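Novice: what follows is a predicted structure for the sequence shown.
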Amino acid sequence: MADKKNNKNNNFFNQNPLLLFIIFAILIILIFRSIAPNAVNEVNNLTTQNQVVTFTYSDIKRLAKEGKLAYVAIGRNTVKVKLKNGEVFTVAKVPNDPTLVEILDKYHVPYGAINDNNWLSDLIFGWIIPIFIFFAIWMFLASRMQKGMGGVLGFGSAKGLIKSEKPNVKFDDVAGNEEAKEEVKEIVDFLKNPERYTELGAKIPKGVLLVGPPGTGKTLLAKAVAGEADVPFFAVNGSSFIEMFVGVGAARVRDLFNQAKKEAPSIIFIDEIDAIGKSRAIGGPMGGNDEREQTLNQLLAEMDGFDSDEPVIVLAATNRPEVLDPALLRPGRFDRQVLVDKPDFKGRLEILKVHVKKIKVGKDVNLEEIARITAGLVGADLANIVNEAALLAGRKGKKEVNQEEFLEAVERQIAGLEKKSRRLNEKDKKIVAYHESGHAVIAETTEGARKVKKVSIVPRGLAALGYTLNLPEEDKYLMQKHELIAEVDTLLGGRAAEEVFIGEISTGASNDLERATDIVKSMVKMYGMSDVAGLMVLEKQTNRFLGGFAESKDYSEKIQEEVDNFVKNFLNDRYKIVKEKLKKYAPVIEQMVKELYEKEVIEGDRVRELIKAYDEGKLEEIINNNENNSNEKEDKNEDGNNS
């Protein structure tokens, strides 16, 4: 029904207002030319015996002198002349010319006055047409400015902002969020069989709020609900309701719900609802944004005003549930909040299986390994990894996607694009090699640290000249104190390696120091892991789905000074411990640097092999064996080339 109405409004002229304006202008010109005089001095032409005779204003004076004029009628704008032979012609009058009357008097030509004003022409061309043209231009400009907002005067219409469809997405297409799917399945049953609930007097939740980090599939889950229930799906973004004019947003909310009620049972999905649902208390005692508050008030009224025989359910998504107005979250409006969180190992594996159906996968692909090393990534990241792997395989001219492309795609997603054109000089290469080796050795020799997957001195991303890829062995939802300290030690390992083995520090550890400082501050201010503040929380976490923190300084300057001193002393103490550990494993560091110079990349298994060999006193033996194996391979290659 809504599509038919939109098709009626989207006719040819509505889609081409410029063409309509041009046609209108041409018609006005033609009408004007048909009514207005033809020329300034040449008004009327006489045809006499197949000859066209053209008269001008000066001919009147000449004909008067020749005695050929029978009568002259003088008007405001024209002069009408009758000749003695019976011919009549009219010419335009030259304004402010007193000589014509003098000549007529001198040659005794009778003359008089006529009223040549055309009141209809004056009305049309003097008033109606100018006003009409003005409004036509104004409507044309307004339609350009308000394109997609319901027409020239339809500021409050939401038709151009709503995506109305019946999605083909099913619950099978949504993987990794089994708990969230279970929460919304009863909504599908209600939309399919509303009588089953209404006969019992039960009321289905009118609104369901989907909350979670970006990219976890909130919009996809909402589409799946509509797809399973086979009902119309009205999708709109929260920011679409906000305009410069007060009252426009409220009118659009009314229009949106009216459309949904006409198509009931149906689903309304409002993405980023925090754009209009922000708490009214944020504006302070004097109030906040009038337009946003009026829009929110209208939304509150519409959600609590449904009739029982009109099953319209509102699904909304946000990354910031903590900023929403309490009146919006109360029972009767958004009765439920469904968490759509980052997937665990099983969820990531299911998501990968869904996405690899669209590409040709090789037999060597191990999706479990990919799911294990992508802890912390969301569904959108995993979809991008699968697509990136397919692109890499296509770039290489392969017929299928192998494990190699998947691993490279994971590194691209985590560390950034490999910068092959950015070549390091020998000095920088040496610094980066020691720096990354320091990170890797500390990570592998510190209890609670994340294990090393790969060490590379190939530049990646925006600023990374090298990287150590540390990946968790399992999904972790809590971190103990020793694990946080291990993370700090790992971050300090790069800077410490530069000082121990090169003798001078560089700017390469700036990001490491920043992250280490943030961890120690959080230990003091948020987690109560120090004696400075004890169990007192000095900083509250906000925007937990967006990874943001709010600085709320409600403590004294003395405590702040104590916090700063603790952070400084803690980092210095850990730095000394890290340097001592690197000195202990100096042979391992030197061997890693040597191999990084040759290969640019070392796998985590090789790092663990070197450390284990050193602990067992077999490092020299392993190094010699590797050198012998390398020499044998070179000899075989040379023999093959000679043959």
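Specialist: Structure received.

Novice: what sits up against the helix or strand harbouring L513?
Specialist: Per DSSP states H and E: L513 is located in helix 510-525. The contact list for helix 510-525 (Cβ atoms under 8 Å, 6 or more residues apart in numbering) reads 463, 481, 484, 487-488, 491-492, 494-495, 529-530, 532-533, 537-539, 563, 566-567, 570-571. All C-beta atoms are positioned from the backbone trio N, CA, C, and that covers glycine.

Novice: average pLDDT for it?
Specialist: Regarding helix 510-525, the rounded mean pLDDT is 93.

Novice: just use 7 as the starting number from now, easier for me
Specialist: From this message on, residue numbering opens at 7, which makes the last subject helix 516-531.

Novice: I80 against K99, yeah?
Specialist: Yes - counting by Cβ atoms under 8 Å, I80 touches K99, with 7.2 Å between them.

Novice: give the buried residues for the following helix or strand past the helix holding L519.
Specialist: Sequence-wise, the next helix or strand beyond helix 516-531 is helix 563-590, with elements assigned using DSSP H and E. By neighbour count on 16 or more other Cβ atoms under 10 Å, the buried set for helix 563-590 is 565, 568-569, 572-573, 576-577, 580-581, 584-585, 587-588.

Novice: kindly report the same for stretch 337-344.
Specialist: Neighbour-count burial for stretch 337-344, counted by 16+ other Cβ under 10 Å, picks out 339-340, 344.

Novice: can you report how many residues lie near A446?
Specialist: By the criterion of other Cβ atoms under 10 Å, A446 has 32 neighbours.

Novice: what helix or strand does it sit in?
Specialist: Using DSSP H and E, A446 falls in helix 432-451.

Novice: now do that helix: distance to the chain's middle.
Specialist: 38 Å (Cα atoms, centre = their mean, to the nearest Å).

Novice: helices or strands next to it in the packing?
Specialist: For helix 432-451, the elements it packs on are strand 457-462, strand 473-477, helix 487-503, helix 563-590, helix 592-605, helix 610-621, judged by 3 or more Cβ pairs under 8 Å, 6 or more residues apart in numbering; DSSP states H and E.

Novice: select, out of these, the one closest to K191.
Specialist: strand 473-477 (34.3 Å; Cβ to Cβ).

Novice: ends of stretch 480-487, what's the gap?
Specialist: In stretch 480-487, first residue to last residue: 18 Å (Cα to Cα, to the nearest Å).

Novice: kindly report the same for stretch 398-406.
Specialist: End-to-end distance of stretch 398-406 (Cα to Cα): 10 Å.

Novice: name the residues of that stretch that are buried.
Specialist: For stretch 398-406, burial by neighbour count (16+ other Cβ under 10 Å) applies to 398-399.

Novice: which residues are in contact with it?
Specialist: Residues outside stretch 398-406 that contact it (Cβ under 8 Å, 6+ apart): 366-368, 407-408, 411, 414-415.

Novice: try it again with 10 Å
Specialist: 365-371, 396, 407-408, 410-412, 414-415, 418 (Cβ atoms under 10 Å, 6 or more residues apart in numbering).

Novice: for K90, which non-adjacent residue is spatially closest?
Specialist: The spatial neighbour of K90 that comes closest, neighbours along the chain excluded (Cβ to Cβ, 6 or more residues apart in numbering), is A76 at 4.6 Å.

Novice: and S285, by the same measure?
Specialist: D331 (4.6 Å).

Novice: isn't L345 right up against A186?
Specialist: Yes - counting by Cβ atoms under 10 Å, A186 is a contact partner of L345 at 6.9 Å.

Novice: what touches both of the two?
Specialist: 216, 218, 222.

Novice: among those residues, which lie within strands?
Specialist: L216 (DSSP state E).
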